[in-house]
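Participant: Coordinates only, no sequence provided:
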């Protein structure tokens, strides 16, 4: 059964096995090497259990049907996205993310090298944590592109089904803002030393 809440013990009380299990064990913060060790030790978790996962430095809790990520102890974790429409070559990446509950924050920077190729027909990349948006195509971030002389601002949009993200740039050719795919010549002709940056916040699945 789940933890019973708080009980004030007084001198002379008999501490029963039920007291130990329901007031102490089921309500303590347990420590495990990872999810496999946690699952092995707790075959049938109960609502409200809390545990620390050492391999991912995360605090998780059981919501009655699944283990849910709580606050991470590490501030940011590096990750390397997989790109479509872009070959990194000898370019450099600096991408990282942090997750607080269902909220994921991502920031990233990329500098093109001499063998980097922005070949399109769009710039897609994998996200560090699966998005809850699915096929909604929800806009949820900001990007900028630096050509060495000019900065272009754009948007970051999730794409349906694949769980990836697509980077777009705003067009000024219409009174209403329109978005264009990143290609070898949009928003400029890409070359070594040019950069793109992104920041986004989204809901995890």
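Facilitator: The structure has been received and is ready for your questions. Values in this document were obtained by computation on a predicted structure and should not be read as measured data. Numbers count the residues shown, from 1 in each chain.
Participant: Please make it C-alpha for all contacts and neighbour counts, starting now.
Facilitator: Fine.
Participant: any weak-confidence spans in the protein?
Facilitator: Low-confidence segments of the chain (pLDDT under 70): 1-5, 26, 71-74, 134-139, 159-162, 174-176.
Participant: Domain boundaries for it, per the record?
Facilitator: Listed by automatic domain parsing, the domain ranges of the chain are 17-72, 77-203.
Participant: Span of the last one from start to end?
Facilitator: Counting by CA to CA, to the nearest Å, the length from the leading to the trailing residue of domain 77-203 is 17 Å.
Participant: among the domains of the chain, which is the most enclosed?
Facilitator: domain 77-203 (a mean of 17; mean count of other CA atoms under 10 Å).
Participant: In which helix or strand does the closest residue to residue 93 other than its chain neighbours reside?
Facilitator: Nearest non-adjacent residue to residue 93, counting by CA to CA, 6 or more residues apart in numbering: residue 110, 4.6 Å away. According to DSSP states H and E, residue 110 maps onto strand 103-111.
Participant: Parallel or antiparallel, list what pairs with that strand.
Facilitator: Using DSSP bridges, the strands paired with strand 103-111 are strand 92-100 (antiparallel), strand 195-203 (antiparallel).
Participant: looking at those strands, which is closest to residue 184?
Facilitator: strand 195-203 (13.2 Å; CA to CA).
Participant: residues in contact with that closest one?
Facilitator: Contact with strand 195-203 is made by 102-112, 131-133, 140-147, 156, as judged by CA atoms under 8 Å, 6 or more residues apart in numbering.
Participant: Now do that strand: distance to the chain's middle.
Facilitator: 11 Å (CA atoms, centre = their mean, to the nearest Å).
Participant: One more: stretch 88-106?
Facilitator: On the basis of CA atoms, centre = their mean, the separation between the geometric centre of stretch 88-106 and that of its chain is 7 Å.
Participant: Any idea how far apart the tips of that stretch sit?
Facilitator: So stretch 88-106: terminal residues 19 Å apart, CA to CA.
Participant: What strand or helix carries residue 12?
Facilitator: Counting by DSSP H and E, residue 12 is found in no helix or strand.
Participant: Next one: residue 183 relative to residue 200, how far apart?
Facilitator: 21 Å.
Participant: And for residue 69?
Facilitator: Distance of residue 69 to residue 200, computed by CA to CA: 19 Å.
Participant: Helices of the chain, start to end?
Facilitator: For the chain, helices defined by DSSP state H occupy the ranges 17-19, 35-41.
Participant: Residue 85: which of these is closest?
Facilitator: That would be helix 35-41 among the helices of the chain, by CA to CA, at 34.7 Å.
Participant: Go ahead and name everything in contact with that closest one.
Facilitator: 32, 53.
Participant: hang on, the earlier thing: got TSV for the helices of the chain, with distance to residue 80 too?
Facilitator: Listed next are the helices of the chain as TSV, based on distance: least, CA to CA, whole Å:
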stretch	distance to residue 80
helix 17-19	47
helix 35-41	22
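Participant: which stretch among these comes nearest residue 56?
Facilitator: For residue 56, the closest of the helices of the chain is helix 35-41, at 9.4 Å, according to CA to CA.
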